[in-house]
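J.: the sequence and its predicted three-dimensional model are supplied below.
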Amino acid sequence: MSDARPLTVDASGVSVTFATKAAQVPALRDVTLSVEPGEFVSIAGPSGCGKSTFLKAVAGLVKPSAGSITLNGTPVTGPRNDVGFVFQRPALLEWRTVEQNIWLQGEMRGLPRSAYRGKATDLIELTGLQGFERAYPHELSGGMQQRVALCRALLHEPQVLLMDEPFGALDALTRERMNLELHRIWEQTGVTVLLVTHSVPEAIYLANRVVIMSPRPGRILEQLDIALPRVRDYGDTMADPEFQRLTGRVRELLGTSGEVD
């Protein structure tokens, strides 16, 4: 992986309002959040609270109506080359193989072919996709497709990785395996990660810190530091009394909306 250092993410007083034919719809209100280089922050909240909108604002895909977002002190004014994005659906091109879907990132960004093909090989090894390089999306499980999407997002060696409910469509066992995989990749790459999720256990297991948001318009209700070992065994973590306490606190903050696992 690259020697590029992970970035600091700073959001100050960020509000986003969308204009519709009928009305002005507030999505976010006065969100202030600082994420340290190499930190893993999970964002949890009810559906429609603006979690995804916030990630898109960090990525430069949505312009705040008020407030500002900076990466290492540089204002975000549009899409950036040092940010990677993984969506809920892998959105792979059916006519391209695993390798070719990963290469797409390099092709779109005009990277030297020799460079991005070599990086793709490293990422395929990192994510356990060896032997499937020439497979097509329809030949892969949902978890394997998301691994391809993760490789594609990491190909240009971003310093910030944004993940919008990437495992929400997977079955419980595959989701657990992807949690383990993502935690290992984060350990190896050191990238700054912001993860949006509806799963309380997932949010706590993966993160250094969990940010809980209110119903729309989304604002930050509370931030919880996760005082668990950085290297985490999945079973031991789930049984840890501190994990249980944190789970209860997050559920309490989110209420009984039924929007979270």
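T.: In hand now; what should we look at?
J.: just the mean pLDDT for stretch 12-24, thanks.
T.: The predicted model assigns stretch 12-24 a mean pLDDT of 90.
J.: stretch 133-142 too?
T.: Stretch 133-142 comes out with an average pLDDT of 95.
J.: flag every buried residue along it.
T.: Within stretch 133-142, the residues that qualify as buried are 136-137, 140, 142, counting by 16 or more other Cβ atoms under 10 Å. Where you see a C-beta, it was placed from the backbone N, CA and C, and this is true even at glycine.
J.: using JSON lines, lay out those residues together with secondary structure and distance to E165.
T.: Shown next, in JSON lines, are the buried residues of stretch 133-142 (DSSP: H, G, I helix; E, B strand; the rest coil; distance: Cβ to Cβ, whole Å):
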{"residue": "Y136", "secondary structure": "coil", "distance to E165": "25"}
{"residue": "P137", "secondary structure": "helix", "distance to E165": "20"}
{"residue": "L140", "secondary structure": "coil", "distance to E165": "20"}
{"residue": "G142", "secondary structure": "helix", "distance to E165": "14"}
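J.: in a markdown table, list those residues along with distance to G128.
T.: Compiled in a markdown table, these are given as follows (distance: Cβ to Cβ, whole Å):
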| residue | distance to G128 |
| --- | --- |
| Y136 | 18 |
| P137 | 17 |
| L140 | 12 |
| G142 | 15 |
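J.: quick check, nearest of the residues you listed to H198?
T.: G142 (16.9 Å; Cβ to Cβ).
J.: tell me which residue is most central in this structure.
T.: By Cα atoms, centre = their mean, the chain has its centre lying nearest to M163, at 1.8 Å.
J.: how about the strands in this protein?
T.: 9-19, 24-35, 40-44, 66-71, 74-75, 83-86, 160-164, 192-196, 209-213, 220-225 (DSSP state E).
J.: which strands and helices lie in contact with the last one?
T.: Here strand 220-225 touches strand 24-35, strand 209-213, helix 241-254, going by 3 or more Cβ pairs under 8 Å, 6 or more residues apart in numbering; DSSP states H and E.
J.: so which of those comes closest to C151?
T.: Proximity to C151, assessed across the helices and strands packed on strand 220-225 by Cβ to Cβ, is greatest for strand 24-35 (23.2 Å).
J.: outside of the closest one, which residues touch it?
T.: For strand 24-35, contacts defined as Cβ atoms under 8 Å, 6 or more residues apart in numbering pick out 8-19, 41, 50, 53-54, 57, 64, 66-67, 192, 194, 211, 216-220, 223.
J.: what about 7 Å?
T.: The contact list for strand 24-35, computed with Cβ atoms under 7 Å, 6 or more residues apart in numbering, reads 8-18, 41, 50, 53-54, 192, 194, 211, 216-220.
J.: low pLDDT regions in the stretch 51-200 of the chain?
T.: Within the stretch 51-200 of the chain, not a single segment meets pLDDT under 70.
J.: just the residues contacting whichever helix in the chain runs longest, thanks.
T.: When the chain is parsed with DSSP state H, its longest helix is helix 172-189. The list of residues contacting helix 172-189 from outside it, by Cβ under 7 Å, 6+ apart, reads 1, 40, 126-127, 142-143, 146, 167, 170, 193, 202, 205-206, 232, 234.
J.: what sits against the nearest residue to P90 once chain neighbours are set aside?
T.: Of all residues not flanking P90 in the chain, A149 sits nearest, at 3.8 Å (Cβ to Cβ, 6 or more residues apart in numbering). Residues near A149 by Cβ under 7 Å, 6+ apart: 86, 90, 92.
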